[in-house]
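# Next come a sequence and a model predicted from it.
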Amino acid sequence: MVANRAGAVVIDEEASLATRAAWLYFAAGFTQGEIATRLNVPSAKAHRLISRASREGLIRVFVDGPIAECFHLEEAIKSQFGIDYCHVSPDLGETGLPLKTLGLAGATFLRAHLENTKDAVIGIGHGRTLAAAVANLPQSPHAGAKFVSLLGGLTRKFSASPFDVIHRLAERTGAEAYVVPVPLFANSAADRAVLISQIGVGEVFELARSATLMFVGIGEARAHGSLVAAGMIRPDDVAELEARGVEGEVLGHFIAADGRFVETDLTARSITLSASDLGGQNIVAIAGGPTKTAAIRAVLNSSFLKGLITDEATARRLIGSTPGNAPRNKNG
């Protein structure tokens, strides 16, 4: 829909036709020939309308049913790392971060939680993979739900910002959204105390502690990782983390390969829920990709998670290499 010069709303008839064609094709199962007859357009135009709907993001595809290979990987990960829930999405041949397959899997998981949990309070972390899941979530009213940031949300890059993710969720669901309008890491511990004391910040974190689900991403403690790319930490911070044996990050907490929580200068400056606040919570992470494998394994070894959504290639790497018998500490 667009507005004309007089301010009146004018419907884009061609876009409307493309949406109708998409409904007939994907929801009703009509063939392109049947759609052409139904809409009284040539068959070639019916094809173009369906292509336009797909190109412009009007279609969100959800496929139900287990895949045998992925099911076996899920069971192996649950057994090896002692988590309650695991979903492995099929390999789509993506290079780098598998955002397409994980975006679809994450959206399916989030939609199911919203539909099955009345008046849900869902805590949201940060990261590109989590943002991809939200981008794939269809418009669906869930006005009784509440989305709340689990950590400070101001970043240099909007695509990985919890602030951005929360607002997209509110737009798609009509739910209430609560953000923490401060950075993830303050400049000093003293600055953190000042920011935490600001009006509204404590109330948001109190709501976050009541979340029925905490849906989070996993970061890498590397110079090429998303924490540095988003401007949350500096390259010299990474040097300290690597020296301390840190492999992964979740919600501003840093974790070594054996699952230990590592206290650093950054920990004292992080504006997020404490490790003790997070103990025993229903935390599900979504993460994958070749560079993330070590970070994901470290977080799994920490017993921090109840669930994991990952891709087939990453799942194979997780169960194909060492650990499994690493020490598993809740709070380090």
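Yep, it's here. Numbers count the residues shown, from 1 in each chain.

# if I look at residue 153, how far off is residue 43?
Using CB to CB, to the nearest Å, one obtains 49 Å as the distance from residue 153 to residue 43. (Each C-beta comes from the backbone N, C-alpha and C, glycine too.)

# Tell me where the stretch 51-200 of the chain has helices.
Applying DSSP state H, counting those that start in this stretch to the stretch 51-200 of the chain gives helices spanning 68-81, 99-116, 128-135, 162-173, 189-196.

# would you list those in a markdown table and tack on mean pLDDT and distance to residue 292?
Below are those laid out as a markdown table (pLDDT from 0 to 100; distance: least, CB to CB, whole Å):
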| stretch | mean pLDDT | distance to residue 292 |
| --- | --- | --- |
| helix 68-81 | 93 | 14 |
| helix 99-116 | 91 | 10 |
| helix 128-135 | 90 | 9 |
| helix 162-173 | 82 | 18 |
| helix 189-196 | 90 | 28 |
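
# Just name the most buried of the ones you listed.
Highest mean neighbour count of the helices of the stretch 51-200 of the chain: helix 128-135, a mean of 23 (counted as mean count of other CB atoms under 10 Å).

# packing partners for that helix?
helix 99-116, helix 162-173, strand 213-216, strand 283-286 (3 or more CB pairs under 8 Å, 6 or more residues apart in numbering; DSSP states H and E).

# Now distance to residue 138 too, for these, in TSV please.
As requested, the helices and strands packed on helix 128-135 are arranged in TSV below (distance: least, CB to CB, whole Å):
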stretch	distance to residue 138
helix 99-116	7
helix 162-173	7
strand 213-216	17
strand 283-286	18
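
# Looking at those, which is nearest to residue 317?
Closest approach to residue 317 among these (CB to CB): helix 99-116, 14.7 Å.

# ok, residues contacting the closest one?
60-62, 87, 89-92, 94, 120, 122, 128-130, 132-138, 140, 142, 145, 173, 212-213, 215, 284, 286-288, 309-312 (CB atoms under 8 Å, 6 or more residues apart in numbering).

# show me where this structure has strands.
According to DSSP state E, the chain carries its strands in the segments 2-3, 9-10, 85-89, 121-124, 146-149, 176-178, 213-216, 219-220, 246-250, 253-256, 261-262, 283-286, 307-311.

# Of those strands, which is nearest residue 299?
Across the strands of the chain, closest to residue 299 is strand 246-250 (CB to CB), at 4.7 Å.

# between residue 153 and residue 43, which one's more packed in?
Remark: of residue 153 and residue 43, residue 153 carries more neighbours, 23 against 14, as counted by other CB atoms under 10 Å.

# Any figure for the gap between residue 276 and residue 209?
Applying CB to CB to residue 276 and residue 209 gives a distance of 11 Å.

# Which one of these two is surrounded by more residues?
residue 209 (16 against 9).

# Touching, residue 312 and residue 87? I think so.
No. If you go by CB atoms under 8 Å, residue 312 and residue 87 don't touch, sitting 10.8 Å apart.

# The two: which is more packed in?
Set side by side, residue 312 and residue 87 show more neighbours around residue 87, with 23 against 18, by other CB under 10 Å.

# Distance check, that one against residue 317.
16 Å.

# ok, now residue 275?
27 Å.

# so where is this structure shaky, pLDDT-wise?
By pLDDT under 70, the low-scoring segments of the chain are 1-12, 27, 57, 61-66, 154-163, 223-232, 321-332.

# got the domain boundaries for it?
2-55, 68-320 (automatic domain parsing).

# Just name the most buried of the ones you listed.
domain 68-320 comes out most buried of these by mean count of other CB under 10 Å, with a mean of 20.

# measure it end to end?
Criterion CA to CA, to the nearest Å; first-to-last residue distance in domain 68-320 is 18 Å.

# same thing with stretch 264-284?
24 Å.

# Report the distance from that stretch to the chain centre.
Chain-centre distance of stretch 264-284: 18 Å, with CA atoms, centre = their mean, to the nearest Å.

# Switch the helices of the stretch 51-200 of the chain over to TSV; also include distance to residue 32.
Formatted as TSV, these follow (distance: least, CB to CB, whole Å):
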stretch	distance to residue 32
helix 68-81	31
helix 99-116	24
helix 128-135	27
helix 162-173	29
helix 189-196	56
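
# give the contact list for residue 124.
So residue 124 contacts 130, 147, 148, 149, 150, 162, 165, 166, 169, 214, 215, 216 (CB under 8 Å, 6+ apart).

# how near is residue 167 to residue 78?
33 Å.

# Could you do residue 72 as well?
Counting by CB to CB, the gap from residue 72 to residue 78 is 11 Å.

# again, but for residue 42
52 Å.

# And for residue 218?
In terms of CB to CB, residue 218 sits 17 Å off from residue 78.

# what's the answer for residue 53, then?
Residue 53 is 38 Å from residue 78, by CB to CB.

# same thing with residue 305?
Using CB to CB, residue 305 is found at 11 Å from residue 78.

# Check residue 147 too.
With distances taken as CB to CB, residue 147 is found 27 Å from residue 78.

# Check residue 191 too.
From residue 191 to residue 78 the distance is 41 Å (CB to CB).

# Fine by me, we can end here.
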